[in-house]
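Novice: build me a model:
(2 chains)
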2 protein chains.
Amino acid sequence: MADAAALDRADPLAHMRERFALPEGLVYLDGNSLGALPHATRDALARVVSEEWGTGLIRSWAAADWIGLARRTGEAIAPLIGAAEGTVVACDSTSINLSKALHCAAGLRPGRTRLIADADNFPTDVYIARSVADQLALELVLLPAGEVADAVDERTAAVTLSHVSYRSSAIYDLAGITRAAHAAGALAVWDLAHSAGALRCDVGALGADLAIGCGYKYLNGGPGAPAFLYCAAEHHEAAEQPLTGWFGHDHPFAFEQVYRPAAGIERFLTGTTPVLSMSALAASLEIFGDVTLDALRAKSVALGELFIELFDRTLAPRGFALATPRDSALRGSHVALTHADGHPIVRALGERGIVGDFRAPDLLRFGFAPLYNRFSEVQALVDAIAEVFDDGSFRDPRLAAPTRVT
Amino acid sequence: MADAAALDRADPLAHMRERFALPEGLVYLDGNSLGALPHATRDALARVVSEEWGTGLIRSWAAADWIGLARRTGEAIAPLIGAAEGTVVACDSTSINLSKALHCAAGLRPGRTRLIADADNFPTDVYIARSVADQLALELVLLPAGEVADAVDERTAAVTLSHVSYRSSAIYDLAGITRAAHAAGALAVWDLAHSAGALRCDVGALGADLAIGCGYKYLNGGPGAPAFLYCAAEHHEAAEQPLTGWFGHDHPFAFEQVYRPAAGIERFLTGTTPVLSMSALAASLEIFGDVTLDALRAKSVALGELFIELFDRTLAPRGFALATPRDSALRGSHVALTHADGHPIVRALGERGIVGDFRAPDLLRFGFAPLYNRFSEVQALVDAIAEVFDDGSFRDPRLAAPTRVT
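Specialist: Numbering: from 1, shown residues only, chains lettered A, B, ... in the order given. Below you'll find the model as predicted:
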């Protein structure tokens, strides 16, 4: 029988939790939605505000290299997703970056008439795929992720799907889907929102053509942090995207009236770099210099395995169902349960200082961020679910009211 | 003869400078490019980071109303541009917002075949207008601002231009251009980057259909602050824009797979609100609650008039030319000179702690931010220009080297 305290004592990443400003006594299991605040990020941002903005003012574009900040932040993300130097830039939101990536992919495959997208992807991905398809008069084919590889054919310009499902935490076979896409001459556009910073993505080795991802989940960049965009170097010269703002220009500060895209990945930039939020993300990324992806993944898997063991013993008998793959090789860094009373149960847990989240109609999600979550928190979670279920505290009518909380 | 010290003593806004963290001894005349740091913004952002993110974590979407932050920030901008409640939202960059606005305008005028844009507008505006025209197979007609009104006809979907020229500081006749556009059944899309926070814009009274603007110039939102977008209420129901991210959905947290745009101005939102940078902008906007636009404009005009008086006496005889309208009713809040040695002169001023900027090939720009600039700084500027010119210090070869500085 697993001993959470012993696992914590043996955890080689245990000391990393001290880097984060987690509130005393809170069990925070929603880092898959919003990562925790690193102390160093708070301090770095205060310095950027006071010194770079307050004192440096406009001179900081050169003196603090704000001009290179989007690229520099991208370079810090690159090793986390298996990307080569010069192929990642941080900017805008995941939605906007997906729009750029899909426009670019379609432009690289002129004459093809279809986009294929994961029907169960995070809604914003589906909305953007629909919008890009409508703008380009392409057919959007929405399919379950498992059916995408077989559906790719010579009509397909690109396929797009997430690496890890935001609901079930299932890891999709992006390697196989990308091979199938390439075999048919199509491109593969990956969304790494629920994997970057928690598991290997290998965009380079597995041949992703474009990828986007989120700065505020496992990368801990802060609420609404800039997103990122990857484009394989082989596509740079031909890559076009329609949000041709001045920061994507080859020489923004020449103020030319004709757009000439930057030679490299910077052609995916659009507006002025959001220096404050980008600096927070950049500071948070420094933490990843002190850990290995293998160590992070090993701990994430161990946290998930402990959860499943405790689930089998404690929650399955109470009518909860596991909505997450049991095979750790197929599971991302969060776990999901289903229960008809999921919504009031998640709220009752919140009242006890255990933060997870709920996705309609019946999904309870709990994220295990290997940088700061503990095995004892997994134990506390399962114990608390059993408790609020057994003592009926989730039946409090206040908890049944709809909330706007994520 | 103007007495700068006396003007400072009589300045009813003089006390506002104390709200800003300007470095001792620096004469900062680039607030038209990057506004100064308000002390309150530094403090508010530190609180948002530590408390809302660090302690509140994901719960702050509801508890700190991060969900409403983009709308709330827009509501704080609305009175500064003469917009009604519920017609402004803060989000993304000016480039991205202009793309949304032009797509929207074209969509509201189906069948029309032209966009007309100011040929001398800030480059990103021209790039984006070109890109939108290309995407929608419209003809882009680039004209000097003074020729736009006469060029509008029944082929024109929309005209777009800036309120104030980023180079000359000329105020364009948006009222007249908008009347001409409407008379031909076209829409008017304004860029308020160089006017919002410094002079009246009156989008409502003058009938702008859409407008966009910048958060980091006179609004002091911080480097790369979120931009804003205005859309007249009459267009909301029919307004469509292609960056259909989840935050523009009528009910983002319902996670529906089909996009239903929000009923109001929120349909122009795309991705997750960048909470850190948006909170900085929101905090900076609070300053405008303690001043009137009339007082700001009066001081801005007076600073410009002092500059022109000193220019006539001191700089014209030295071969500088005024590149800015003399009529204050036609001049925004910065002034511009031309001189063949403009680049090294601006750099020599920088070495003396006087910060303006240079725009190729020969334009020297100095912004007068009425919230914090002093009349004595205008005097110091003109004296210093004369000095570096007379003593030849601008001929230092180090200053001739190209820089990447804005």
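Novice: in the stretch 51-200 of chain A, which residue sits nearest chain B?
Specialist: With C-beta to the nearest C-beta, the shortest gap between the stretch 51-200 of chain A and chain B falls at A:S93, namely 2.3 Å. Bear in mind the C-beta positions are built from the backbone N, C-alpha and C, glycine included.
Novice: measure that residue to A:D362 for me?
Specialist: Relative to A:D362, A:S93 is positioned 29 Å away (C-beta to C-beta, to the nearest Å).
Novice: when those two are compared, which one has more neighbours?
Specialist: Set A:S93 next to A:D362 and count neighbours by other C-beta atoms under 10 Å in any protein chain shown: A:S93 wins out with 30 against 15.
Novice: ok, the more buried one - contacts?
Specialist: Residues counted as contacts of A:S93 (C-beta atoms under 8 Å, 6 or more residues apart in numbering or on different chains) are A:224, A:226-227, B:92, B:245, B:270-272, B:274.
Novice: for A:A386, same thing?
Specialist: Taking C-beta under 8 Å, 6+ apart, we find A:A386 in contact with A:314-315, A:318.
Novice: got the buried residues for stretch A:236-246?
Specialist: Buried residues in stretch A:236-246, counted by 16 or more other C-beta atoms under 10 Å in any protein chain shown: A:236, A:239, A:241-246.
Novice: can you map out the helices along chain A?
Specialist: In chain A, the helices defined using DSSP state H lie at A:4-10, A:39-47, A:60-63, A:69-77, A:94-108, A:123-136, A:148-151, A:174-183, A:203-206, A:275-285, A:293-310, A:342-351, A:375-390, A:397-400.
Novice: residues in contact with A:S99?
Specialist: Counting by C-beta under 8 Å, 6+ apart, A:S99 has contacts A:128, A:131-132, A:243, B:242-243.
Novice: right, and A:S50 touches B:H39 too?
Specialist: No - look at A:S50 against B:H39 with C-beta atoms under 8 Å: they stay out of range, at 10.0 Å.
Novice: so what sits against both of the two?
Specialist: Joint contacts of A:S50 and B:H39 (C-beta under 8 Å, 6+ apart) are B:A21.
Novice: what is the neighbour count of A:D43?
Specialist: Counted by other C-beta under 10 Å, the residues lying close to A:D43 total 12.
Novice: distance check, the residue nearest to it when sequence neighbours are not counted against chain B.
Specialist: Nearest residue to A:D43 in three dimensions, chain neighbours excluded: A:A283, at 8.0 Å (C-beta to C-beta, 6 or more residues apart in numbering or on different chains). Separation of A:A283 from chain B (C-beta to the nearest C-beta, to the nearest Å) stands at 11 Å.
Novice: closest to B:G356 among the contacts of A:S99?
Specialist: Among the contacts of A:S99, A:L243 lies closest to B:G356 (C-beta to C-beta), at 30.6 Å.
Novice: quick one, phi/psi of the nearest residue to A:A225 once chain neighbours are set aside?
Specialist: Among residues not flanking A:A225 along the chain, A:G215 sits closest, at 3.4 Å (C-beta to C-beta, 6+ apart). With angles defined as degrees, to the nearest 10, A:G215 sits at phi -90, psi -10.
Novice: can I get the helices of chain A in TSV with mean pLDDT?
Specialist: Converted to TSV, the helices of chain A look like this (pLDDT from 0 to 100):
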stretch	mean pLDDT
helix A:4-10	98
helix A:39-47	98
helix A:60-63	96
helix A:69-77	98
helix A:94-108	98
helix A:123-136	97
helix A:148-151	97
helix A:174-183	98
helix A:203-206	96
helix A:275-285	98
helix A:293-310	98
helix A:342-351	96
helix A:375-390	97
helix A:397-400	80
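Novice: how about those helices in a markdown table, adding distance to B:G185?
Specialist: Formatted as a markdown table, the helices of chain A follow (distance: least, C-beta to C-beta, whole Å):
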| stretch | distance to B:G185 |
| --- | --- |
| helix A:4-10 | 70 |
| helix A:39-47 | 49 |
| helix A:60-63 | 42 |
| helix A:69-77 | 41 |
| helix A:94-108 | 30 |
| helix A:123-136 | 24 |
| helix A:148-151 | 45 |
| helix A:174-183 | 46 |
| helix A:203-206 | 48 |
| helix A:275-285 | 41 |
| helix A:293-310 | 58 |
| helix A:342-351 | 50 |
| helix A:375-390 | 61 |
| helix A:397-400 | 52 |
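Novice: B:S60: which of the ones you listed is closest?
Specialist: Of all the helices of chain A, helix A:342-351 sits nearest to B:S60, with 13.0 Å by C-beta to C-beta.
Novice: please consider this matter closed, and thank you.
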